[in-house]
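# Provide a 3D model corresponding to the input given below.
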Amino acid sequence: MPVALRFALIPVHGYGIAGATVARMLDPQGGGQARLLHPNEAVPYGARPVLLAETTVYGATCVEHMVRNWSTSLPRPWLVLISDAPARPVPAARYRFRALSSRLAGTATVPYLPVLRTVESAEEALKDNDVKAAAEKLRRQMEGR
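Numbering: from 1, shown residues only. Take a look at the predicted model:
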């Protein structure tokens, strides 16, 4: 029996190992509950749209552009912020993300994970204990537990 797509992930400023890893974090069994959408691909019916962005000012600007152009016929998207450094986002990024929060279904965060700089695949990243812990926390945030 096929598994329904729960999370349709939309990287707001490009594809990379962080986005691939978040997709696997939200689909730990690899059964198709979460996947990255292709550019300009429509959000499948019944899937929860999830914007993926790094915690940079550029990432915040890209999220702002996406949210401003978001169709009212779609459910409000979740935002998953992926830390790009082992520090808080700069004030300009934090302000933009906070200002957009009322137009989002929710915001979840993924901490800076240095192992993402050294792995070849999301599957390899999921073997790391810090990534496993971040995945569990992300799933709790997204599922409201």
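# Strands along the protein, start to end?
Along the chain, counting by DSSP state E, strands occupy 7-11, 34-36, 48-54, 78-82, 106-110.
# so how far is N40 from the closest residue to T55 other than its chain neighbours?
Sequence neighbours aside, P89 is the residue nearest to T55 in space, at 3.9 Å (criterion: CB to CB, 6 or more residues apart in numbering). For glycine as for every other residue, the C-beta is placed from the backbone atoms N, C-alpha and C. Taking CB to CB, to the nearest Å as the measure, P89 falls 28 Å from N40.
# more neighbours, those two?
P89 (21 against 5; other CB atoms under 10 Å).
# from memory the more buried one sits against F97, does it?
Yes - using CB atoms under 8 Å, P89 is in contact with F97, at 7.3 Å.
# Give the residues shared as contacts by those two.
Residues touching both P89 and F97 (CB atoms under 8 Å, 6 or more residues apart in numbering) are T55, A60, L81.
# Give me the neighbour count for the last one.
Neighbourhood size, L81 [other CB under 10 Å]: 23.
# For it, give its distance to E136.
17 Å.
# for the first one, same thing?
Relative to E136, T55 is positioned 20 Å away (CB to CB).
# now do F97
In terms of CB to CB, F97 sits 23 Å off from E136.
# Which one of those two is surrounded by more residues?
Between F97 and E136, counted using other CB under 10 Å, the more crowded position is F97 (21 against 12).
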